[in-house]
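Q: Predicted model and sequence follow; I will ask about them next.
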There are 2 protein chains.
Amino acid sequence: MKADEEISQRFKIIVAYDGRPFSGWQSQPGGNTVQDILLKALQSFCPSISTVQGSGRTDAGVSADGQVAHFDAAPGWRMDAVSWRKALNSKLPAAIRILDAETVSPDFHARFSAEAKTYRYRIFTGEVLPPLVHGLVWHQSRVDDFEALLEAASLFVGTHDFRVFSAKRHDGHDEDRDTVRTIYSTKLVQQSDCECEIEFVGNGFLYKMVRFLIGASVEVVIRKREAFEIQDRLKSGIAFEKAPFCGPSDGLRLVNVRYPDSITP
Amino acid sequence: MKADEEISQRFKIIVAYDGRPFSGWQSQPGGNTVQDILLKALQSFCPSISTVQGSGRTDAGVSADGQVAHFDAAPGWRMDAVSWRKALNSKLPAAIRILDAETVSPDFHARFSAEAKTYRYRIFTGEVLPPLVHGLVWHQSRVDDFEALLEAASLFVGTHDFRVFSAKRHDGHDEDRDTVRTIYSTKLVQQSDCECEIEFVGNGFLYKMVRFLIGASVEVVIRKREAFEIQDRLKSGIAFEKAPFCGPSDGLRLVNVRYPDSITP
């Protein structure tokens, strides 16, 4: 046996999922999470794999085009990245797909190496919701100006304490006690007269944060809240008397996780 | 009671559905068809409604952006078109939506007045199928040239006997014994490098006909069949030794049904 077979090989995978049938990313005692199903598929090939680490959680109902995760195959396990992708896709339900797999150095960590994440929040404003987008959009027929929605969302760009735009986790794993985050940019992706996506790129997002950001932005557009109030709370960190809307998980999608060029592979 | 209340009012509705959860349009003893569910919703408001007539059937798994149907409300039944739309949407599952409703003359017939139908068939050619389009596309990674696919599909434009590009119904209701149909046009709608839709507009389509047309077109692109063979059979009507591919119902969508301007008030 060659010496380099003694070292376990780390793989980075890009995972896409339809969030609708699952209870979110993060493993739960009840199962039916993307992480649980993925770990089971990994273990069906390589039983010694004990964990698959994602870039972060996504809530129940949230979909992903490009969640990133890593896992370590057992030392000497002879399966290359393409084989892992194909093998996993043969085991996983169609609602979870491995889009890509590559070998990475043991320094790569899906969560701690992440530099930026891109989320998109999709809003449908027509009167009747088309069946094919049910569960994938926030149906908000009161929003009538996408440019104004982008303008409101852009209030959040910069480094702020986002405590009042987040929720506390109820499972005791509130790892986000440091509530300062940076939003790098926002963007409007218009798809039709009555459908758009607002994109948020940031260095990290607190629990339910994107849903509060879009909720507060919608409130500004429908004149339920003034823009200056948002700016004020971003500075002061003082809680709102009435918490902003929390957009439903339906419209949210993790599009991309960015890592430093130097770290992969 | 006024005299005109004695006459039943005919309504035309535009129906969109996600075909995945249903056993097609046409009523079946087992239920779970779009027509059955729609009739039940209609009867929950107006019990005397005995039928809702569609422009034609769609197979199990086929979706619709704009199926058209008509029904007759009981004489004197005071519900206008907008109220019908809202009432039906409040009863129907989210996978079936009434996009529009209007009153029409009793001469309007969703099936017999139809002038043209537009179907689109969606093909995904990338290696890994994104979860969010699962059940909505034909995953055909061997297709590598969308222009060539359109060219093959365009062989069908014109008036032909499409018998060898259709299937017999097994329920004894083979109403399509006249197998001559006209395809008015085809169109390529490209959505990305690895996804396209081929559109067929025609005066009517036989059972599984669009699925055979796209199947045969794919065969031409992947060099499983020569174009001249298709042209020959369209002229001669002689059965193929080996029937063409029948594309899965997954990729098919009824986009639109057109009626003469004169007939809809």
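A: Received it, and whenever you're ready, just let me know what you need. Source: prediction; values computed, not measured.

Q: and chain A, which residues reach chain B?
A: Contact residues (CB under 8 Å from any CB of the partner chain) of chain A with chain B: A:16-18, A:63, A:65, A:85, A:89, A:94-99, A:128-132, A:134-136. (Each C-beta comes from the backbone N, C-alpha and C, glycine too.)

Q: Which among those count as buried?
A: Taking 16 or more other CB atoms under 10 Å in any protein chain shown as the criterion, what is buried in the residues of chain A next to chain B is A:16-18, A:63, A:65, A:85, A:89, A:95-99, A:128-132, A:134-136.

Q: Which of the residues you listed fall in strands?
A: Using DSSP state E, the members of those that fall in strands are A:A16, A:Y17, A:S63, A:D65, A:I96, A:R97, A:I98, A:L99.

Q: Of all pairs in those residues, which one is the farthest apart?
A: Farthest-apart pair in these is A:S63 and A:I98; separation 15.2 Å (CB to CB).

Q: all helices for the stretch 101-250 of chain A, in order.
A: Ranges of helices within the stretch 101-250 of chain A are A:146-153, A:209-221, A:227-236, based on DSSP state H, counting those that start in this stretch.

Q: out of those, nearest to B:C196?
A: helix A:146-153 (27.3 Å).

Q: buried residues in that closest one?
A: Under the neighbour-count criterion of 16+ other CB under 10 Å, helix A:146-153 has A:F146, A:L149, A:L150, A:E151, A:A152, A:A153 buried.

Q: Quick one: these as JSON lines, columns for pLDDT too.
A: Shown next, in JSON lines, are those (pLDDT from 0 to 100):
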{"residue": "A:F146", "pLDDT": "97"}
{"residue": "A:L149", "pLDDT": "97"}
{"residue": "A:L150", "pLDDT": "98"}
{"residue": "A:E151", "pLDDT": "97"}
{"residue": "A:A152", "pLDDT": "97"}
{"residue": "A:A153", "pLDDT": "98"}
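
Q: lowest-pLDDT helix or strand in chain A?
A: Averaged element by element with mean pLDDT, DSSP states H and E, chain A has its least confident helix or strand at helix A:227-236 (a mean of 91).

Q: Could you check the angle that one makes with helix A:146-153?
A: Using axes from the mean of the first three to the mean of the last three CA atoms, to 10 degrees, one finds that helix A:227-236 and helix A:146-153 are set 30 degrees apart in direction.

Q: What residues of helix A:227-236 count as buried?
A: Under the neighbour-count rule (16+ other CB under 10 Å), helix A:227-236 has A:I230, A:R233, A:L234 buried.

Q: Dump those to JSON lines, plus distance to A:S249.
A: As requested, these are arranged in JSON lines below (distance: CB to CB, whole Å):
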{"residue": "A:I230", "distance to A:S249": "22"}
{"residue": "A:R233", "distance to A:S249": "23"}
{"residue": "A:L234", "distance to A:S249": "23"}
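
Q: What residue spans form the domains of chain A?
A: By the record's domain assignment, chain A is partitioned as A:3-112, A:116-257 (automatic domain parsing).

Q: same question for the shortest one, mean pLDDT?
A: Averaging the model's pLDDT scores along domain A:3-112 yields 94.

Q: Give me the distance from that domain to the chain's centre.
A: Going by CA atoms, centre = their mean, to the nearest Å, the spacing between the C-alpha centre of domain A:3-112 and its chain's C-alpha centre is 15 Å.

Q: Would you agree A:K40 falls within a helix?
A: Yes: counting by DSSP: H, G, I helix; E, B strand; the rest coil, one finds A:K40 located in a helix.

Q: separation between A:S83 and A:I37?
A: Distance, A:S83 to A:I37, by CB to CB, to the nearest Å: 20 Å.

Q: same question but for A:R142, I mixed them up
A: Distance of A:R142 to A:I37, given as CB to CB: 37 Å.

Q: you'd agree A:M209 is up against A:F165?
A: Yes: using CB atoms under 8 Å, A:M209 and A:F165 qualify as a contacting pair, with a distance of 5.7 Å.

Q: For the two, indicate the residue with more neighbours.
A: Between A:M209 and A:F165, counted using other CB atoms under 10 Å in any protein chain shown, the more crowded position is A:F165 (27 against 24).

Q: Quick check: chain neighbours aside, which residue is closest to that one?
A: A:F212 (4.1 Å; CB to CB, 6 or more residues apart in numbering or on different chains).

Q: before we move on, the earlier item: please say which of A:S83 and A:I37 ends up with more neighbours.
A: Under the neighbour definition other CB under 10 Å, A:S83 and A:I37 were set side by side, and A:I37 has more, 19 against 12.

Q: for the helix or strand in which the more buried one is found, packing partners?
A: Counting by DSSP states H and E, the element that carries A:I37 is helix A:34-45. Here helix A:34-45 is seen to pack against strand A:9-17, strand A:63-73, helix A:81-91, strand A:96-104 when contacts are counted using 3 or more CB pairs under 8 Å, 6 or more residues apart in numbering or on different chains; DSSP states H and E.

Q: So for A:E199, which of the ones you listed sits nearest?
A: Distances from A:E199 to each of the helices and strands packed on helix A:34-45 were compared using CB to CB; the minimum, 11.8 Å, belongs to strand A:63-73.

Q: How about the contacts made by the residue of the stretch 151-265 of chain A found nearest chain B?
A: In the stretch 151-265 of chain A, no residue comes nearer to chain B than A:R253, which is 8.8 Å away by CB to the nearest CB. A:R253 is in contact with A:G19, A:V62, A:S63, A:A64, A:D65, A:Y119, A:R120, A:Y121, A:R122, counting by CB atoms under 8 Å, 6 or more residues apart in numbering or on different chains.
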